[in-house]
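[1] Here is a sequence with its predicted model. Questions after.
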Amino acid sequence: MSLKDSLRIMVVDDMATSRGLITQALDEIGIKNYLTENDGQQALARLSANPVHLVLSDYNMPNMDGLGLLQAVRQNKATQRMGFILVTGKPTPDMVATAKKWGLNNMIKKPFTSIAMKQCIESVVGKL
Amino acid sequence: MTPGEKLVNVVQGEYHISSEPDCVMSTVLGSCAAVCLTDPSQGIGGMNHFLLPHRAGRAEDVRYGAYSMELLINGMLKRGARKNRMVAKLFGGAKMLSHLRDIGDSNVAFAREFLQNEGIPIASESTGGNAARRIRFWPADGRVKQFVVPGAVERVAPPAPPPAPSVGEITLF
């Protein structure tokens, strides 16, 4: 079984279309094992119960944004070792500094291509 | 426009949000599309202006529109709007050049689908056709006025600045 088949990913984005764009990229890469959530809080609850290898989260979300989710994931024993990739349109220096502090594994800028997404994931989990 | 109103021009690739009753947003649309969103009970609204660079159905392409919609919706949510109260008005997507593929149509189709996915109703729309539109939008109450500009072609880039006056060529003595 290859890494592509065993890798479990959680996609978090509040917009259906944006979520679709991320899962479409995962489909193109050949990753089949992914869950989706449209809210940071709900994602966190689900992650504690159903651990994944990697979280792919949007930054710009109401309630709990991507950085809030990263921080919560790192502070929870059950989830703190998960890989975390932040999907963002405009990374600001402040955002990058906070993300580094909380151990972000990688960042991908919107709009992204499937190839860019694959490279971004590979840099965290290894060759797919 | 009445005296005291503040005009904000929303150019391609940008968006603006306001809850000021005297704010008027304006834009000129050819094949681009603009979504005017309002939360009437909160008295807040916003407008974006986007163009999908290629043809519809290509994922890389939809991403530009999705990002623009996302900034607009999340920006409004941050300022107290609620998604289940949002109402949209949709404009643009004209076919400006008959020999080119119809990108106007795909811009409008994308916006409709995005709004439907998010459960935001479209209260009214003026889309397609062959003429450019000038839109004025009052974000606080969601009113829109449209002026059809017959035959005008969308300006993609601002016109080049006039050549600088050539100082030094004039000899005084």
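    Yep, that arrived.
[2] which of the residues in stretch A:115-128 are buried?
    Using 16 or more other CB atoms under 10 Å in any protein chain shown as the test for burial, stretch A:115-128 gives A:117, A:118, A:120, A:121, A:125. For the C-beta atoms, the positions are set from N, CA and C on the backbone; glycine is no exception.
[3] Out of those residues, flag the one nearest to chain B.
    When these are compared for distance to chain B (CB to the nearest CB), residue A:117 wins out at 10.4 Å.
[4] So the closest one lies in a helix, does it not?
    Yes - assignment of residue A:117 by DSSP: H, G, I helix; E, B strand; the rest coil places it within a helix.
[5] In JSON lines: the buried residues of stretch A:115-128, plus pLDDT and distance to chain B.
    As requested, these are exported to JSON lines (pLDDT from 0 to 100; distance: CB to the nearest CB, whole Å):
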{"residue": "A:117", "pLDDT": "96", "distance to chain B": "10"}
{"residue": "A:118", "pLDDT": "96", "distance to chain B": "13"}
{"residue": "A:120", "pLDDT": "97", "distance to chain B": "15"}
{"residue": "A:121", "pLDDT": "97", "distance to chain B": "16"}
{"residue": "A:125", "pLDDT": "95", "distance to chain B": "22"}
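[6] out of those residues, who's nearest residue B:40?
    Proximity of these to residue B:40 (CB to CB) peaks at residue A:117, which lies at 38.3 Å.
[7] Identify the residues contacting the closest one.
    Residue A:117 makes contact with A:22, A:25, A:26, A:29, A:108, according to CB atoms under 8 Å, 6 or more residues apart in numbering or on different chains.
[8] from those, which ones fall inside strands?
    Among the contacts of residue A:117, the members falling in strands are residue A:108 (criterion: DSSP state E).
[9] Including neighbour count and pLDDT, could the contacts of residue A:117 go into JSON lines?
    Putting those into JSON lines (neighbours: other CB atoms under 10 Å in any protein chain shown; pLDDT from 0 to 100) gives the following:
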{"residue": "A:22", "neighbour count": "24", "pLDDT": "95"}
{"residue": "A:25", "neighbour count": "25", "pLDDT": "94"}
{"residue": "A:26", "neighbour count": "22", "pLDDT": "96"}
{"residue": "A:29", "neighbour count": "17", "pLDDT": "95"}
{"residue": "A:108", "neighbour count": "20", "pLDDT": "96"}
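[10] From residue B:117, how far off is residue B:76?
    Note on residue B:76: its distance to residue B:117, by CB to CB, to the nearest Å, is 17 Å.
[11] One more: residue B:103?
    Counting by CB to CB, the separation of residue B:103 from residue B:117 is 21 Å.
[12] Averaged pLDDT, the longest helix seen in chain B. What do you get?
    Counting by DSSP state H, the longest helix found in chain B is helix B:59-78. If you average the pLDDT over helix B:59-78, you get 86.
[13] So which bits of chain A are right by chain B?
    Residues of chain A found near chain B (CB under 8 Å from any CB of the partner chain) are A:14-18, A:20-21, A:24-25, A:28, A:58, A:60-62, A:89, A:110-114.
[14] among the residues you listed, which ones are buried?
    Applying 16+ other CB under 10 Å to the residues of chain A next to chain B flags A:14-18, A:20-21, A:25, A:58, A:60-62, A:110-112, A:114 as buried.
[15] Go through those and flag which are in strands.
    Assigned to strands by DSSP E, the following of those qualify: residue A:58.
[16] So if I had to pick from residue B:76 and residue B:117, which one is more boxed in?
    More neighbours surround residue B:76 than the other of residue B:76 and residue B:117, with 25 against 16 (other CB atoms under 10 Å in any protein chain shown).
[17] ok, residue B:5 touching residue B:22?
    Yes - Residue B:5 is within contact range of residue B:22, at 4.9 Å (criterion: CB atoms under 8 Å).
[18] got the contact list for the nearest residue in space to residue A:6 that is not next to it in sequence?
    Leaving aside its sequence neighbours, residue A:6 sits nearest to residue A:33 (CB to CB, 6 or more residues apart in numbering or on different chains; 7.3 Å). The contact partners of residue A:33, taken as CB under 8 Å, 6+ apart, are A:5, A:6, A:7, A:8, A:9.
[19] cool, residue A:110 as well?
    Contacts for residue A:110 (CB under 8 Å, 6+ apart) come out as A:18, A:87, A:88, A:89, B:63, B:66, B:67.
[20] what's the distance between the residue in chain A that chain B sits nearest to and residue B:94?
    In chain A, the residue that lies nearest chain B is residue A:111 (3.0 Å; CB to the nearest CB). Residue A:111 is 24 Å from residue B:94, where distance means CB to CB.
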